[in-house]
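Enquirer: 3D, please:
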Amino acid sequence: MVRRPRFPVNLTLWFGVLLTALLASAQEPDDAEPDEGGTTATEAALPDTAAMDTTAVDTAAATVVPPAEAAPSAAVVLDANPEPGDQEQRRLGVLPGARFELQLTATRVPPIYGWSTILAFDPQQLSFVSSGFKATKWVPGLVPLVDNDSGQLDVGGVNFTLRTASGDGDLGQVAFQSRPGFVGETTVRLIRARLRRNGSTDKLTLDTPVTVVVTPDSAAIAAIDAAAAAALAARRAAAAAAEEARLAALAAAAQAAAAATDSAATVLAGPVVLPGSLSVDFDAAEAAAAGASGPSPYALAMLRQTKACAGCDLAGALLGDAVLIGAELTRAQLAGANLAATDLGSSKLVAADLTRADLSGANLERADLSGAQLTRALLVNARLADANLTGARLEKTRLQGADLSGALWTDGRRRCRQGSVGRCR
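Expert: You can find the predicted model right below:
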């Protein structure tokens, strides 16, 4: 069957996409072999930086893609739970004729400026909802592209500014509808993903199915939802217990190392002072933890024990619900950290990097956030009363429901009125 992409109304945009694809293909040798399984319309539209003059990009408004580097073990999954991240829900129940959404989530990806995925489904049992693909803003400036060909859906996006995203993030949501006359089980499978980066494309062959149970029995649907919620709660509890056990082991190791050294201490440079005038050889501790991923385990142990970790690398740390009142975190690296519902009252976060950190529901009353980087941070329902936000960067920061009463605003002069919620009044 000949595949015919659906063109959006904006023909000017599609002309630009097509022109870029033609220019990119002109750079390939005549005898180049086609990709295995062919190249879809969405994939062909991704610009080839090897064939583009990146010097023409306005670097003040866009970040030029860095040279290609060794790719981490990137993954893309399909999730039936709409919450951010992969909740590992691979089964859901719906009524006949009902609409439902699935989420595409990427993990451990290198810097990418475009991506595409292919979803396979039975068109006799499910249909793709018209205009049912919604890309997130995780990859900046992404232009969504869709190619629906009877049972094989190609969704993705192209970004001509070459601004990138990396690490973990949600790619987008795809909406389907069960056929009114169908009852039974069917699947939507994520079978392929391509991650576009500087001069190369990472091709991932996948098999991530989501089972869709179509039934008129509302009780059966409720049972499926309850089972999924229970499984998610169990996984989260197990992860929290494992993290607590790991930190306890690290603290014990730190205390053991403290008994072996009595040299003078300075924070993060040689031994570190612990309560009771004990000291830990931080260099030896880090060497013992070589190969550990994520935030520095000994930085986490220090923070738990002393609440003093100025300049520490805590990027991606799981510190939700922790009590860190008065913590010293000046210049700490907390990008992507989970600080949801954490008590950081009166803490010092001067010039801390909190990019994309989750601070939803956190207590930051009277905290010093002057000069902090809060770009794309989540501060929904956070308490920021009387906090110091002088010089803080709040680009695309989510402040819905945040209490800003009495906070000193970013200009260092204006103080938010009492009752300021969501924005400084």
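Enquirer: Okay, helices next: where are they in the stretch 251-400 of the chain?
Expert: With helices called from DSSP state H, counting those that start in this stretch, the stretch 251-400 of the chain shows them at 282-288, 297-306.
Enquirer: Name all residues that make contact with the most centrally placed residue in the chain.
Expert: Residue closest to the mean C-alpha point of the chain, counted by Cα atoms, centre = their mean, is Gly169 at 2.8 Å. The contact partners of Gly169, by Cβ atoms under 8 Å, 6 or more residues apart in numbering, come to 105-106, 109, 136, 138-139. In this view, the C-beta of every residue, glycine as well, is placed from N, C-alpha and C.
Enquirer: Distance-wise, check it relative to Leu104.
Expert: 10 Å (Cβ to Cβ, to the nearest Å).
Enquirer: do Ala299 as well
Expert: Counting by Cβ to Cβ, the gap from Ala299 to Leu104 is 33 Å.
Enquirer: on that earlier part again, check the helices of the stretch 251-400 of the chain for me: which has the lowest mean pLDDT.
Expert: Lowest mean pLDDT within the helices of the stretch 251-400 of the chain: helix 282-288, at a mean of 39.
Enquirer: Skipping adjacent residues, who's closest to Ala228 in space?
Expert: The shortest distance from Ala228 to any non-neighbouring residue, by Cβ to Cβ, 6 or more residues apart in numbering, is to Gln89 (4.8 Å).
Enquirer: how close does Arg414 get to Leu324?
Expert: For Arg414, the distance to Leu324 equals 28 Å [Cβ to Cβ].
Enquirer: How many residues are close by Val188?
Expert: 23 (other Cβ atoms under 10 Å).
Enquirer: Check the one 5 residues further on too.
Expert: Other residues within reach of Ala193, judged by other Cβ under 10 Å, total 25.
Enquirer: Hmm, it is touching Leu78, no?
Expert: No. With contact defined as Cβ atoms under 8 Å, Ala193 and Leu78 do not form a contacting pair (10.0 Å).
Enquirer: The contacts of Gly169 in strands, which ones?
Expert: 105-106, 109 (DSSP state E).
Enquirer: among those, who's most crowded?
Expert: Most crowded among the ones in strands among the contacts of Gly169, counting by other Cβ under 10 Å, is Val109 at 27 neighbours.
Enquirer: Just confirm that one contacts Asp170, I think it does.
Expert: No. The criterion here is Cβ under 8 Å, and Val109 misses it with Asp170 at 11.9 Å.
Enquirer: circling back: which one's more surrounded, Arg414 and Leu324?
Expert: For Arg414 versus Leu324, the count of surrounding residues by other Cβ under 10 Å is larger for Leu324: 21 against 13.
Enquirer: Next one, pLDDT for that one please.
Expert: You'll see Leu324 listed with a pLDDT of 91.
Enquirer: how about it, what does it touch?
Expert: By Cβ under 8 Å, 6+ apart, the contact set of Leu324 is 303, 307, 342-344, 347.
Enquirer: In PyMOL, select just the buried ones from those.
Expert: Selection of the buried residues among the contacts of Leu324 in PyMOL, burial being defined by 16 or more other Cβ atoms under 10 Å:
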select buried, resi 303+307+342+343+344+347
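Enquirer: Just the closest of the contacts of Leu324 to Phe160, please.
Expert: For these, the closest approach to Phe160 (Cβ to Cβ) belongs to Thr342, at 39.0 Å.
Enquirer: What residues does that closest one make contact with?
Expert: 319-324, 359, 362-363.
Enquirer: Adding distance to Pro209, write those out as a markdown table.
Expert: Below are the contacts of Thr342 laid out as a markdown table (distance: Cβ to Cβ, whole Å):
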| residue | distance to Pro209 |
| --- | --- |
| Leu319 | 34 |
| Gly320 | 31 |
| Asp321 | 34 |
| Ala322 | 37 |
| Val323 | 42 |
| Leu324 | 41 |
| Leu359 | 35 |
| Ala362 | 37 |
| Asn363 | 42 |
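Enquirer: Whichever of these end up buried, select them in PyMOL.
Expert: Restricted to buried positions by 16+ other Cβ under 10 Å, the PyMOL selection for the contacts of Thr342 reads:
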select buried, resi 319+320+322+324+359+362+363
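Enquirer: Could you work out the most separated pair of the contacts of Thr342?
Expert: Farthest-apart pair in these is Val323 and Leu359; separation 14.8 Å (Cβ to Cβ).
Enquirer: Okay, Glu88 and Gly412: tell me how far apart.
Expert: For Glu88, the distance to Gly412 - Cβ to Cβ - is 45 Å.
Enquirer: Oops, could you answer that again for Arg194 instead?
Expert: Taken as Cβ to Cβ, the span from Arg194 to Gly412 is 46 Å.
Enquirer: So which of those two has more stuff around it?
Expert: Each of Arg194 and Gly412 has its neighbours counted (other Cβ under 10 Å); Arg194 has more, 22 against 13.
Enquirer: ok, now how distant is the more buried one from Thr397?
Expert: For Arg194, the distance to Thr397 - Cβ to Cβ - is 31 Å.
Enquirer: quick one: contacts for the residue nearest to Ala228?
Expert: 79-81, 210, 228, 231-232.
Enquirer: All set, thanks.
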